[in-house]
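Undergrad: model the following, please.
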Amino acid sequence: MAVVGSVLARLPAPLRAILVKHRELLKFALVGGTTFVVDNAIWYLLKLTVLTSKPTTAKAIAIIIATIVSYVLNREWSFRTRGGRERAHEAALFFLVSGVAVVINLIPLLMSRYVFDLEVPHVSRFVQEAADFASGSIIGMLLAMAFRFWGFRRWVFPDELGRTRRDSHTDDAPASGAHR
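TA: Residues are numbered from 1 along each chain as shown. Below is the predicted model of the structure:
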């Protein structure tokens with residue numbers, strides 16, 4: 001039994017039914033949580049070391065690396081029963097949607113820094129860092145995540161192409177026998 005199935009088997013039936021119904025969104029959120037950590041770890045590493053004067057560039061680099069991790073995890077886990085396109089075509093669409101999401105993610109940070117002047121010397125270092133985190137890692141990430149979920153389901157991993165993939169992958173079905 002797969003990990004997801006064994007976890008679902010331990011949950012109360014009403015909660016299990018909700019999670020099974022929204023399984024794809026839950027998996028997408030777990031991948032998002034993982035890439036959130038990757039993104040922020042790389043962003044702060046770059047921003048506090050080699051790119052101290054270029055926080056937006058550091059954020060863009062971190063997002064790109066996190067996006068590569070996201071592609072692998074989403075393709076092989078979150079949306080593995082969807083899609084069905086040739087892998088190169090699917091990857092191109094994934095990175096196109098993700099590229100638009102990078103721009104969406106950066107807009108709040110750019111506004112925070114360069115429209116609202118929430119950077120040193122206009123504000124303290126603490127306020128700058130809090131504003132960077134709120135705008136770049138919370139607001140921007142949530143806006144980009146909503147766009148990515150919609151775009152991935154709509155264009156990258158459409159359900160109508162996933163019939164053959166779904167039929168060959170049933171390892172994460174819950175132990176109770178409930179299906180999608």
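Undergrad: distance of the residue lying closest to Val120 once chain neighbours are set aside from Asp159?
TA: Distance criterion CB to CB, 6 or more residues apart in numbering; nearest residue to Val120, sequence neighbours excluded, is Gln128 at 5.4 Å. (C-beta placed from N, C-alpha, C; glycine too.) Gln128 sits 44 Å away from Asp159, going by CB to CB, to the nearest Å.
Undergrad: tell me which of these two has more neighbours.
TA: Gln128 (19 against 15; other CB atoms under 10 Å).
Undergrad: list the residues that contact Ile147.
TA: Not Ile; residue 147 is Phe. Val97, Val100, Ala101, Ile104 (CB atoms under 8 Å, 6 or more residues apart in numbering).
Undergrad: switch the cut-off to 6 Å
TA: Contact partners of Phe147, counting by CB atoms under 6 Å, 6 or more residues apart in numbering, are Ala101, Ile104.
Undergrad: tell me which residue is most central in this structure.
TA: Most central in the chain under CA atoms, centre = their mean is Gly32, positioned 3.4 Å from the mean C-alpha point.
Undergrad: about what we covered before: okay, the residue nearest to Val120: pLDDT?
TA: Predicted confidence (pLDDT) for Gln128: 93.
Undergrad: same check, this time on the one 3 residues further on
TA: pLDDT, Ala131: 94.
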